[in-house]
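Undergrad: Provided below are the primary sequence and the corresponding predicted coordinates.
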Amino acid sequence: MRCLMIMTFCLVLMSRLALAEEFLALCYHDIADQVTTATQEVISSAQLVQHFDWLRANGYRVVSIDDLLAAQSGLRPLPDKAVLLTFDDGYASFYSRAFPLLKAFGFPAVLALEGSWLDAPPDAEVVYDNHQVARSRFMSWQQLREIQDSGLVEMASHSYDLHHGIVANPQGNLEPALTSRRFDTQAGLYEDDTAFLARIRDDLARNSRLIEEHLGVRPRVMVWPFGRFNQPAVAIAAELGMPLALTLESGPSRTENLDRIRRYLVPGDQKLEDLVWEIQHPNQRLPGRMVHIDLDYVYDRDPAQQKRNLDRLLDRIKDLQINTVFLQAFADPDGNGTADALYFPNRRLPVRADLFNRVAWQLKTRAGVKVYAWMPMLGFDLGGPAMTVQTAPGGTPVAPADRRLSPFQPDARAAILEIYEDLARHAEFEGVLFHDDGYLTDFEDANPAALAWYRDHWQLPADIPAIRNDPALLQRWSRAKTEALLDWTDQLTERIRVWRPLVKTARNLYAEVVLNPTSEGWYAQNLELSLARYDLTAIMAMPYLEEAESPDVWLSELVNQVKRYPKGMEKTLFELQAVDWNERNQPIPTAVLTSQLRLLQSLGAVNLGYYPDDFIGDHPQAQELHRAISLQTYPYRP
């Protein structure tokens, strides 16, 4: 009997896994008979008809939330080319323009309702996108009841009053209310976890009650405002009866992950052929164009000068027309690579200035780039020798300027994890770049906690000379350290993703690891493993730092080595140097840097960047550099 029960369970599980299928979701907003302005979220009725016609003519099957749940539970499979249609915000145009089309085509849809707009008196004004608009821009409850009665439309929650910005830093930036800590300008304090989560819970519960009161059904789908969310909010929504959730991540979704349904945000001015291309290439990655920025050079004790510095940075990034900035989140004024302080509130180190969130948000909203928080993996000036990496006899002792915390020492690990979590609490960013301090030499780490780790977890001698004297043990030890650092970044990422689930990961690797794979033993780094673990591996393609006789030959060989790995070129960013540190910090001529960028492109490199950037002194020269690094130079379909 027991065997029969186990077999039955396995068959049910296998059937459910077999029905875990892929689908696409499209996100629409407002619809107008004629679009007279280039508004990002308004499309014309004629465009919507074109979209529906094309989907039907090309074999796409529009599915409902019930269809997704049935596939998830193993009751029935999704049809081929399944598409979910969603409409956000509850515009009146949905009732007058989209709803008749849905009925005519027989297409189901999801409608996301924001309660505070619907709850206002008919003749009132409401705050939308930080502007006052008429309540009549949104549907009435009578219209919504008619839509509900049709059985075609799933009513979803879009929060009660979280679809707006709140003051999220001392500089007064307005950032998404659902994922930002409210900053009290009078008290000079941020919302703590308790107050923040209570605010989210109260809001989501209020909207569910409101929808049930007027439409007779509680929503089971949560549509996150601005597509942003965090793990505690996901748990709150599920507790309130909304286990399904919609984001604005790009790409296809799968039925086993209905708590994170990705959606393609349909721009208002997009031509049909471009939408078709997006639907047919859902996993397309755009090329990366990156500049690595020192926040130390934005910071100034004089607020007026700091503002001028920030304005110069923003103008420069806009002029370059790139899409990514690696932005320093730690303070390193002496340039030794170790964090002496941080640019965000935290529990462990001094705050030089609460500046990272401000600059990251300005770069995102004013320069239109994605921001990666550039953070050390181990290089924090915390504690004494008991917490730091130590060198075994025979190795070069760690210099005071190269202080790194041991990844095997419990107190050090706890401190760094708290720092990363505090970063995620207090800043909005799209990714994290793990700094080049993430290495362990072939004589490291001799911290007592590390030696105990080798013995207890890896079954190696708790003695580095003994390991080094046995080639087989040395090889095992080298690979184990490489994987330990990879696992360490996984833990740091997990801590960030509690509050920023959408962040991507990148990591700096030394070029020597790519050109000479045996050097893994000297650094505990490995390109193949990094390509598998991170969204992007940023190789320090710095020929002058490596004293290459011919920089162009050296770069060509670097590219050729990366090409040996599946998706190597797609997932590698080549980071050039704009300063020759071996020659007294001499700037490398812009013409040389642009020539190297063009060389890398001619060899097939997709993702390109450089460090450092002197945005105050205009080096490299933006006008000349633009022609080599701008996204305009890459022939991809927008």
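TA: Cool, got the structure.

Undergrad: show me the domain layout of the protein.
TA: Annotated domains of the chain cover 2-280, 289-443+482-633 [automatic domain parsing].

Undergrad: how far does the first one sit from its chain's centre?
TA: Here the centre of domain 2-280 is set off from its chain's centre by 20 Å, with C-alpha atoms, centre = their mean, to the nearest Å.

Undergrad: count of neighbours near residue 334?
TA: Neighbourhood size, residue 334 [other C-beta atoms under 10 Å]: 10. Where you see a C-beta, it was placed from the backbone N, CA and C, and this is true even at glycine.

Undergrad: so how far is residue 476 from residue 521?
TA: 11 Å (C-beta to C-beta, to the nearest Å).

Undergrad: ditto for residue 517
TA: Taking C-beta to C-beta, one finds residue 517 at 16 Å from residue 476.

Undergrad: neighbour count winner among these two?
TA: Remark: of residue 517 and residue 476, residue 476 carries more neighbours, 16 against 13, as counted by other C-beta under 10 Å.

Undergrad: in what helix or strand does that one lie?
TA: Using DSSP states H and E, residue 476 sits within helix 471-497.

Undergrad: packing partners for that helix?
TA: Where contact means 3 or more C-beta pairs under 8 Å, 6 or more residues apart in numbering; DSSP states H and E, helix 471-497 is packed against helix 410-426, strand 431-434, helix 448-458, helix 464-468, strand 504-510, helix 520-523, helix 527-533.

Undergrad: how about it: buried residues?
TA: In terms of neighbour count (16 or more other C-beta atoms under 10 Å), helix 471-497 has its buried residues at 473-474, 476-482, 484-486, 488-489, 492-493, 495-497.

Undergrad: ditto for stretch 342-358
TA: Per 16+ other C-beta under 10 Å, stretch 342-358 contains these buried residues: 342-346, 348-349, 352-358.

Undergrad: ok, back up a step: now the domains of the chain in TSV, with mean pLDDT and distance to residue 452?
TA: Shown next, in TSV, are those (pLDDT from 0 to 100; distance: least, C-beta to C-beta, whole Å):
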stretch	mean pLDDT	distance to residue 452
domain 2-280	91	33
domain 289-443+482-633	95	8
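
Undergrad: need these in a markdown table with distance to residue 459, can you?
TA: Listed next are those as a markdown table, based on distance: least, C-beta to C-beta, whole Å:
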| stretch | distance to residue 459 |
| --- | --- |
| domain 2-280 | 34 |
| domain 289-443+482-633 | 14 |
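
Undergrad: ok, the residue nearest the centre of the chain - contacts?
TA: The C-alpha lying nearest the average C-alpha coordinate of the chain belongs to residue 503 (C-alpha atoms, centre = their mean; 2.5 Å). Contact analysis of residue 503 by C-beta atoms under 8 Å, 6 or more residues apart in numbering lists 424, 429, 430, 431, 432, 493, 496, 497.

Undergrad: with adjacent residues omitted, what lies nearest to the third one?
TA: Take residue 430 and drop its neighbours on the chain: the residue closest to it by C-beta to C-beta, 6 or more residues apart in numbering is residue 370, 4.1 Å away.

Undergrad: for that neighbour, give its distance to residue 506.
TA: Taken as C-beta to C-beta, the span from residue 370 to residue 506 is 11 Å.

Undergrad: extract the CA atoms of stretch 467-475 and return them as CSV.
TA: What follows is stretch 467-475, C-alpha atoms only, in CSV (Å, rounded to 0.1, in the frame of the first residue of the first chain):
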residue,chain,number,x,y,z
ILE,A,467,48.1,21.2,1.7
ARG,A,468,50.7,22.9,-0.5
ASN,A,469,53.1,20.0,-0.3
ASP,A,470,50.6,17.6,-1.8
PRO,A,471,49.6,18.5,-5.5
ALA,A,472,46.3,16.7,-5.2
LEU,A,473,45.3,18.4,-2.0
LEU,A,474,46.5,21.8,-3.4
GLN,A,475,44.2,21.3,-6.5
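
Undergrad: need the overlap of contacts for residue 370 and residue 506.
TA: Listed as contacting both residue 370 and residue 506 by C-beta under 8 Å, 6+ apart are residue 431.

Undergrad: which of those two has more neighbours?
TA: Legend: neighbour count by other C-beta under 10 Å for residue 370 and residue 506, higher for residue 506 (24 against 18).

Undergrad: buried set for stretch 209-228?
TA: Across stretch 209-228, burial judged by 16+ other C-beta under 10 Å covers 210-211, 214-215, 218-228.

Undergrad: now the end-to-end length of that stretch.
TA: 22 Å (C-alpha to C-alpha, to the nearest Å).

Undergrad: what about the closest residue to residue 500 other than its chain neighbours, neighbour count?
TA: If the residues on either side of it in the chain are set aside, residue 500 comes closest to residue 424, at 4.7 Å by C-beta to C-beta, 6+ apart. The tally of other residues near residue 424 (other C-beta under 10 Å) stands at 23.

Undergrad: wait, residue 527 touches residue 537, no?
TA: Yes: look at residue 527 against residue 537 with C-beta atoms under 8 Å: they come within range, at 6.7 Å.

Undergrad: show me what contacts residue 502?
TA: So residue 502 contacts 228, 247, 249, 430 (C-beta under 8 Å, 6+ apart).

Undergrad: could you rerun that using 10 Å?
TA: 179, 227, 228, 229, 230, 247, 248, 249, 260, 429, 430, 431 (C-beta atoms under 10 Å, 6 or more residues apart in numbering).

Undergrad: let me know the closest of these to residue 97.
TA: Taking C-beta to C-beta as the measure, residue 97 sits nearest to residue 248 out of those, at 22.3 Å.

Undergrad: ok, now how distant is that closest one from residue 286?
TA: 16 Å.

Undergrad: and the two? Which one has more around it.
TA: Neighbour comparison, residue 248 and residue 286: the larger count goes to residue 248, with 18 against 15 (by other C-beta under 10 Å).

Undergrad: helix, strand, or coil at that one?
TA: Secondary structure for residue 248, judged by DSSP: H, G, I helix; E, B strand; the rest coil, is coil.

Undergrad: quick revisit: tell me the angle the helix holding residue 476 makes with strand 504-510.
TA: 140 degrees (axes from the mean of the first three to the mean of the last three C-alpha atoms, to 10 degrees).
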